[in-house]
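Peer 1: Got a sequence here, can you model it:
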Amino acid sequence: MIRDADPQHISALARDLKLPTWQARLLAARGIATTEQAHEFLFPALADLHPPSRMMGLPQAVDRLRAAVERGETVLIYGDYDVDGTTAIVILKTALELCGGKVDHHVPHRIREGYGMRDEVIERAHERGIRLIISVDTGIRAYAAAETAARCGLDLIVTDHHLPHSDGVPKALAVVNPNQPGCEYPCKSLCGAGVAFKIAQALLAESGRERLLQSFLKIVAIATIADAVPLIGENRVFTKLGLEGLRRPVNAGLRALLSNCQLDGSRPLTAGDIAFRVAPRLNAAGRMDIAERVIRLFTEKDAGQAAEMAMQLDQLNGDRQNEEQRILQEIYEKIESSPELKDAYCIVVDGAGWHRGVIGICATRVVERYHRPALVFSCEDGEAHGSGRSIAPFHLLQALESCPELFTRFGGHSHAVGCALPVECIPELRSRLDAHARQKLTPADFVPVLDYDADVALDQLTHDFWAALQRMEPFGSGNPTPVFVARDAKLIQPPRVMKDKHLKLRVVPGNPNSNGGRFQRAHDVVGWRMAERAAQNPLLAGDVLNLAFTVDYNRHPDFGGVQLNLIEFARAATPQAATAAP
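Peer 2: Below you'll find the model as predicted:
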């Protein structure tokens, strides 16, 4: 299905900005209607950031932090163990230290402590003489922790981006969260590190160090992409400018990490580079060992030590991949052997000995395979720790809120949640979530629909097309990688199978009059992990296909150029069939 875009907006953007129609359509489909909006989208700048003071609670938080710096108080930053949480600690810690502050931090251990703020950590901080605690990427539902802080005489500042409970926010000195009731901050989709960045922005401005702000964009870009928040508004500024800065990193840890990912700055970095190479290595620390490793990496000044730390993260990521595959195999076997699970509208699957650090990734894979919401639980000593993911039509956090008495704790977003409950409650949870899902979903919601952006002719796919497409980067949530459809593409040779699993096609326009009789340039089309599908219905030279694809660029010195990454294909053997979309 082609993405909806207002024809008048397409025409106006193409005319006023002198853009090709396909690019104007991409902009309009992303909600861009005016030349001003298009300019901000295509050329984001630091000047596009909103004043931090517009965020509810932030001025009060900054006043207290500044007072702590002036009094020589040590500020304890309480974070989370994922990429967002650990980088948020790094951002706020660095900003406070640049302003002359003393900083300590606590990042919880995923297995021993779990998600959220714990009373004993606050009590130990009080015993050490700490007078101010500020959370990052956590705390919006930490009612008990706020009460403990008050009882100990500690000032607590909560900074978070997760959705608050309907009961309101914790009673703290200040709560900084664009999603809290009454906050009119324009960008609601910041990640935890993005909120920390806004505090850093205010601190540096007040201390006359605003020129240093740009150096923080590299870290906040990594967090923003890793947390899969929409890459629009301020998030687009963070990621666009941050990715540019990552080509020339100064931080020893960043240099070592990017080198380990074979990202040497020889080409522009993409959001995909961060999401699929950088973020998994950083997340592996919190999933498989201790997230403290990430903070040490980004605060290490010795290049040799940083290189060793980056290598350790790479090894942990390998361990994570192996564990993920082991658990997924067990999950798929459970689902395929159980009619109850296979027919469920919301899949709830559990197992003993599953590593709690990877069940969130496994939940994502289950959703991708079965295209329905899923929760995966790791059971140990009578308690089940779960992580859930969802599909677009189903608000998973609201589903959990329909049966709150079953949980010892839960929280998250519309499409991602974490929770814990007694093992004996899992059957009832499975039943109640499935009943809730059957009220909200229909079987049609489980059928994947391929959305695409524009029809293009193969002849349009030149280097200039690729260069224009790059101005739309970074792609991700809220700005999906554009998908194009080319019809009547003719195979000029039999398909090649690469490494027993990938498919490579070579095609030209099937209509000989499509370019006025000029030479028809052949295009390479790569179908990653599609060899098995093609083998079931073999393709032959001369076949005419409709192709859905994304556009990439192969940088090989001998046979590089514009490359099409295949998403879907269908034969167009007759003129009538050739008009059907893939």
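Peer 1: Please count neighbours and contacts with C-alpha atoms only from this point.
Peer 2: OK.
Peer 1: Name the nearest residue to residue 302, sequence neighbours excluded.
Peer 2: Of all residues not flanking residue 302 in the chain, residue 252 sits nearest, at 6.7 Å (CA to CA, 6 or more residues apart in numbering).
Peer 1: residues in contact with the residue lying closest to residue 454 once chain neighbours are set aside?
Peer 2: Excluding its sequence neighbours, the residue lying closest to residue 454 (CA to CA, 6+ apart) is residue 484, at 5.2 Å. For residue 484, the contact set (CA atoms under 8 Å, 6 or more residues apart in numbering) comprises 452, 453, 454, 455, 456, 548, 549, 550.
Peer 1: what's the burial count for the residue nearest to residue 302?
Peer 2: Using other CA atoms under 10 Å, residue 252 has 19 neighbouring residues.
Peer 1: Test my guess that residue 221 contacts residue 245.
Peer 2: No. Between residue 221 and residue 245 there is no contact under CA atoms under 8 Å: 9.7 Å.
Peer 1: who has more neighbours, these two?
Peer 2: Applying other CA under 10 Å to residue 221 and residue 245 shows that residue 221 carries more neighbours, namely 29 against 21.
Peer 1: now that one, nearest residue through space, not along the chain?
Peer 2: In space, and not counting its chain neighbours, residue 221 is closest to residue 239: 4.4 Å by CA to CA, 6+ apart.
Peer 1: Would you mind putting the CA coordinates of the helix or strand harbouring that neighbour into PDB?
Peer 2: Assigned by DSSP states H and E, residue 239 belongs to helix 234-245. C-alpha atoms of helix 234-245 as PDB (Å, rounded to 0.1, in the frame of the first residue of the first chain):
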ATOM      1  CA  GLU A 234      14.700  17.600  18.100                       C
ATOM      2  CA  ASN A 235      15.600  13.900  17.700                       C
ATOM      3  CA  ARG A 236      16.400  14.600  14.000                       C
ATOM      4  CA  VAL A 237      18.700  17.400  15.000                       C
ATOM      5  CA  PHE A 238      20.500  15.100  17.500                       C
ATOM      6  CA  THR A 239      20.900  12.300  15.000                       C
ATOM      7  CA  LYS A 240      21.700  14.300  11.900                       C
ATOM      8  CA  LEU A 241      24.400  16.400  13.500                       C
ATOM      9  CA  GLY A 242      25.600  13.600  15.800                       C
ATOM     10  CA  LEU A 243      26.200  11.200  12.900                       C
ATOM     11  CA  GLU A 244      28.200  13.900  11.200                       C
ATOM     12  CA  GLY A 245      30.300  14.400  14.300                       C
END
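Peer 1: Who are the packing partners of that helix?
Peer 2: helix 217-226 (3 or more CA pairs under 8 Å, 6 or more residues apart in numbering; DSSP states H and E).
Peer 1: Now do the helix it packs on, average pLDDT.
Peer 2: Helix 217-226 shows a mean pLDDT of 97.
Peer 1: Run through the helices of the stretch 51-200 of the chain in chain order.
Peer 2: 58-71, 83-98, 119-127, 143-151, 192-206 (DSSP state H, counting those that start in this stretch).
Peer 1: again, but for the stretch 301-450 of the chain
Peer 2: According to DSSP H, counting those that start in this stretch, the stretch 301-450 of the chain carries its helices in the segments 303-336, 339-342, 359-370, 396-401, 426-440.
Peer 1: Any idea which of those gets closest to residue 524?
Peer 2: Each of those has some distance to residue 524 by CA to CA; the shortest is helix 359-370, at 27.0 Å.
Peer 1: and the residue nearest to residue 454, bridged to which residues?
Peer 2: Here residue 484 sits in beta bridges with residue 454, residue 549, going by DSSP bridges.
Peer 1: Over to residue 527?
Peer 2: Per DSSP bridges, the residues bridged to residue 527 are residue 503.
Peer 1: Stretch 559-575: which residues count as buried?
Peer 2: 561, 562, 563, 564, 565, 566, 567, 569, 570, 571, 572 (16 or more other CA atoms under 10 Å).
Peer 1: Can I get that stretch as CSV, trimmed to CA atoms?
Peer 2: C-alpha atoms of stretch 559-575 as CSV (Å, rounded to 0.1, in the frame of the first residue of the first chain):
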residue,chain,number,x,y,z
PHE,A,559,31.6,-3.0,-9.3
GLY,A,560,30.2,-0.5,-6.9
GLY,A,561,27.3,1.8,-7.6
VAL,A,562,23.6,2.1,-6.8
GLN,A,563,22.2,-1.2,-5.5
LEU,A,564,18.6,-2.2,-4.8
ASN,A,565,17.9,-4.2,-1.6
LEU,A,566,14.9,-6.4,-2.4
ILE,A,567,12.0,-6.5,0.0
GLU,A,568,9.3,-8.2,-2.1
PHE,A,569,8.8,-9.3,-5.7
ALA,A,570,6.0,-10.8,-7.8
ARG,A,571,6.0,-12.0,-11.4
ALA,A,572,4.4,-9.7,-14.0
ALA,A,573,4.1,-12.3,-16.8
THR,A,574,1.3,-10.5,-18.6
PRO,A,575,0.4,-6.9,-19.2
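Peer 1: All set, thanks.
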